[in-house]
Structures are given as C-alpha cells and as structure tokens.
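*Asks:* Below: sequence and its predicted model.
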Amino acid sequence: MSHALAIANTGPAEEEENEVVLHTRLAEGQRAAIDEVYRAHYDALRAFAHRFIGDPATAEDIVHDVFIALPGAMRRFRGDSSLRTFLFAIALRRGYKHMRSATRRRAAFGRLAEEPEGPPVPPPDSALGRKQMAGVLYDALDRLPRDQRTAFVLCEIEQMTAAEAAAIVDAPEATVRTRLFHARRKLRELLDEGDVR
C-alpha cells in the first residue's frame, strides 16, 4: 500500500494514536520527530513571532528556542489542545521574554536617531511606505498593554479565532474578546492622534 493510500485510509482512531506516538517521540527528544514538527510548523511560528516582536532576527531566535525547549515542554503537555496551539503558546511565552528588550531597543534607537526634516512620506504602496507604516504600527503596538497586544496579534494579524487565541494564552474566550476590543480602540486612538513615531 502506498504512503498516500495509507494516509487516505487513516481513520480518526489511527490519527489520534499517531498523534500520541508523535507526542511521546517529542518528549523523548527524538530528532526525527522534532524535525517533522519543525518542517510542519516553522513557517507559521516564524511569521507569528515576527509579527508579535517586529524584529526578524529575534523572531528567528524565538522559533529556535521553541524547538530547543520542545522535548521538555512535551513532558508537561496535557493534550488538551492541538500541537500547533501548544507550539504557539511556547512561542508566545518566549516572545514575552524578548518583548521588553525589543521595546527598549526600539525606544533607544528612536531617541538616538536625529531625523531632519525630510521629503514627504512616500505613498503606502511603495516598499519604503509599507516599511514606514509597519514601523508606525509596531510603535503603536509597543504602547499597548501586553495582554491587549497579544490578543491583537493573534486575532487580527494571525487571523485566529478568539477561541484559538484563548487556548494559546490560557484565558477565557470572553477575556480575549475584551482585550481585542480595547486593543483596537487604543490603536485607533494612537494612530488617529499621530501619537506614534
């Protein structure tokens, strides 16, 4: 039987059994299992970390940390969420650790930069304009409380449902919705006032 046919004939019970075996292999630190999960989830985790932190190098470090920590984390995994949700939760915790230093670093660069009066802001459809708009958004995100920033990045940027975000942050779905509401309102105020650099 071909591999594709075997997958097509896999029923829910077999999928669940395969998942349990994968979790066990991950908890044992089996390189092949970690590589399999890495290939399946790297792109999504890196995109999330980059959007959450705003710095591609730090995002790469966070993803690297997630996979280094994965065997130990799997030993504590209760199985009450999907593996993808569990990976996002690890990345989020790692992101919280990096977020403070990333925010301080951007603030320091902002203070050091002497921006002379220059040409008008390029249109948003140019590459430079998009980069500047992203910078303004990250500056505004830096001014949100951590929980609101998290809700905004997960729900608005990563396009997760409130239920998925709630599973990642280990909070009630209604709490995530409330945080998202306040994050949207605060971001709108900051962007309308032009109170970000």
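*Replies:* Sure thing, it's come through. Numbering: from 1, shown residues only.

*Asks:* got the CA coordinates for stretch 78-89 in PDB?
*Replies:* Extracted in PDB, the C-alpha atoms of stretch 78-89 (Å, rounded to 0.1, in the frame of the first residue of the first chain):
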ATOM      1  CA  ARG A  78      -1.600  17.600  28.900                       C
ATOM      2  CA  GLY A  79      -3.100  17.000  25.500                       C
ATOM      3  CA  ASP A  80      -5.900  19.500  26.000                       C
ATOM      4  CA  SER A  81      -5.000  21.500  22.800                       C
ATOM      5  CA  SER A  82      -3.600  20.800  19.400                       C
ATOM      6  CA  LEU A  83       0.200  20.600  19.000                       C
ATOM      7  CA  ARG A  84       0.000  23.800  16.800                       C
ATOM      8  CA  THR A  85      -1.700  25.600  19.600                       C
ATOM      9  CA  PHE A  86       0.800  24.300  22.100                       C
ATOM     10  CA  LEU A  87       3.700  25.500  19.900                       C
ATOM     11  CA  PHE A  88       2.200  28.900  19.600                       C
ATOM     12  CA  ALA A  89       1.800  29.100  23.400                       C
END
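
*Asks:* Identify the residues contacting Ala183.
*Replies:* By C-beta atoms under 8 Å, 6 or more residues apart in numbering, the contact set of Ala183 is Leu144, Gln148, Arg149, Ala151, Phe152. Every C-beta, even on glycine, is put in place using the N, C-alpha and C of the backbone.

*Asks:* What strand or helix carries the residue most central in space within the chain?
*Replies:* By C-alpha atoms, centre = their mean, the chain has its centre lying nearest to Phe48, at 3.0 Å. Assigned by DSSP states H and E, Phe48 falls within helix 31-53.

*Asks:* Touching that helix from outside, list them.
*Replies:* Against helix 31-53 from outside (C-beta under 8 Å, 6+ apart): 22, 25-26, 56, 58-60, 62-63, 66-67, 70-71, 83-84, 87-88, 91-92, 94-95, 98-99, 102, 149-150, 153-154, 157-158.

*Asks:* Whichever of these end up buried, select them in ChimeraX.
*Replies:* Selecting the buried subset of those in ChimeraX, with 16 or more other C-beta atoms under 10 Å as the burial test, is done by:
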select :22,25,26,58,59,62,63,66,67,70,71,83,84,87,88,91,92,94,95,98,99,102,149,150,153,154,158
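
*Asks:* And the residue nearest to the centre of the chain, how far from Glu28?
*Replies:* With distances taken as C-beta to C-beta, to the nearest Å, Phe48 is found 26 Å from Glu28.

*Asks:* what are the phi and psi values for Gly54?
*Replies:* phi 90, psi 10 (degrees, to the nearest 10).

*Asks:* On the C-terminal side of the lowest-mean-pLDDT helix or strand in the chain, identify the next helix or strand.
*Replies:* Each helix and strand of the chain was given a mean pLDDT (mean pLDDT, DSSP states H and E); the minimum falls on helix 3-8 at a mean of 44. Sequence-wise, the next helix or strand downstream of helix 3-8 (DSSP H and E) is helix 12-27.
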